[in-house]
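Novice: Need coordinates for the following:
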Amino acid sequence: MNHEETALILETALKAAQSAVIAANAALEALNQRKQEADENRWISLSEAVAALGPGFSIDMLRERCTDGRFKHGTHFINTSDGSRPNYLLRVASVRKYFETEPERRSPTKLRRIG
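Specialist: Below you'll find the model as predicted:
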């Protein structure tokens, strides 16, 4: 085998390896996307939701939307408490979708004003 044949074989092997790396990266990205989607459909605590949603969100802000009727029970949150103090768990995917909706198209507050 001469030098040119060896170079051609190595070049072909390199291209095949590069294609395999690209395919592996695409598969990994698809798996990560599925994992993120699955994670965002789990019920998680308010503090975990704040961490998942990122800057601009706080526990108080999310809790307020659970109590004032802007978030829908069973869609955005559940209350796992049997007592007088609520323990809210949120579904990040639903909450994210709520905030991606234009403010004027979101669910209005359902609390009645006194006075």
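Novice: In this structure, where is pLDDT below threshold?
Specialist: Applying pLDDT under 70 to the chain flags the ranges 38-40, 110-115.
Novice: ok, which stretches of it are helices?
Specialist: All helices of the chain, identified by DSSP state H, fall at 3-40, 46-53, 59-67, 92-100.
Novice: Dump those helices into TSV; add mean neighbour count and distance to residue 107 as well.
Specialist: (Each C-beta comes from the backbone N, C-alpha and C, glycine too.) Formatted as TSV, the helices of the chain follow (neighbours: other Cβ atoms under 10 Å; distance: least, Cβ to Cβ, whole Å):
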stretch	mean neighbour count	distance to residue 107
helix 3-40	10	20
helix 46-53	17	18
helix 59-67	16	9
helix 92-100	16	8
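Novice: Dump those helices into JSON lines; add distance to residue 83 as well.
Specialist: Formatted as JSON lines, the helices of the chain follow (distance: least, Cβ to Cβ, whole Å):
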{"stretch": "helix 3-40", "distance to residue 83": "28"}
{"stretch": "helix 46-53", "distance to residue 83": "17"}
{"stretch": "helix 59-67", "distance to residue 83": "15"}
{"stretch": "helix 92-100", "distance to residue 83": "24"}
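Novice: Please name whichever of these is nearest to residue 86.
Specialist: Residue 86 sits nearest to helix 59-67 of all the helices of the chain, at 7.3 Å, using Cβ to Cβ.
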